[in-house]
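Student: Return atomic coordinates for the entry below.
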Amino acid sequence: MKFAVLTSSLAIACLAACSTTVVDTNRAMEVPTPAIRANHSEATVEVGEQINGKGCANEFLLIFKSGDNKYLEVHGDGGSGAVSRAKAAATYKALTADKGLSTDIIVHPVWEISRNKTFFGLISDDVCAKVTGYRGVIKGFKNAEAFTDYK
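Tutor: Have a look, this model is predicted:
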C-alpha cells in the first residue's frame, strides 16, 4: 500500500511538472495603409516598328548564376530561374536597343527559347531567349466604359 501511494504521488508530480502554457505575444497590429481603388481606363498605344532582342542566362550547380546583367521586369518581382532571367534580358535588349530604358512595351511578343541542360539541369542549365514583337508607345490614358460585355 505504501508503495502504491508513493508511485501514485510520483506519477502525479511528474505529470504536474510537464505542463505547457500558451501565451499569445503575436497580437495583430493596426497599420494605416493607403486605399487602392481600381479605375477603368484604357491606354492609348501607338504601334511602331518591329523589334527583337536576345538574352542568355546560365546556372551551374544550381548555385552559380551568370549571363546578361541587365533585365526588364514589369513588377520588380521576376523569377530567378534561368528562363525568366533570359526572357527579361531579351525584353530589355529589344526595348532599349542599348540606348536606355523607356516606357515602351512589346506588342504581341513571340518567344523562341533554346535550352541545354546537363544531367537534368543539376550540373548546368544554359538558356537563351529571343523575342520578336512590335514597339508599343503609350501615348496616354483615357477613361473606359464599364466592362459589361464580359459573360
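
Student: only C-alpha atoms for contact and neighbour calcs from this point on.
Tutor: Fine.

Student: helix, strand or coil for Ala88?
Tutor: At Ala88 the chain is in helix, as set by DSSP: H, G, I helix; E, B strand; the rest coil.

Student: what number of residues lie near it?
Tutor: 26 (other Cα atoms under 10 Å).

Student: Leaving out chain neighbours, which residue sits closest to Pro109?
Tutor: Among residues not flanking Pro109 along the chain, Gly133 sits closest, at 4.4 Å (Cα to Cα, 6 or more residues apart in numbering).

Student: Run through the residues that contact that neighbour.
Tutor: Applying Cα atoms under 8 Å, 6 or more residues apart in numbering, we find Gly133 in contact with 50-52, 106-110.

Student: Let's see that with 10 Å instead.
Tutor: Residues near Gly133 by Cα atoms under 10 Å, 6 or more residues apart in numbering: 48-53, 91, 94-95, 105-111.

Student: Look up which residues are beta-bridged to it.
Tutor: With DSSP bridges as the criterion, Gly133 is bridged to Ile51.

Student: any idea how far it lies from Lys117?
Tutor: Per Cα to Cα, to the nearest Å, Gly133 is found 27 Å from Lys117.

Student: that older thread, of the contacts of Gly133, which pair is most distant in space?
Tutor: Within the contacts of Gly133, Gly48 and Trp111 form the most distant pair, 18.7 Å apart (Cα to Cα).

Student: Pick out whichever of those two has more residues nearby.
Tutor: In this view Gly48 and Trp111 are compared by other Cα under 10 Å, and Trp111 has more residues nearby, 16 against 13.
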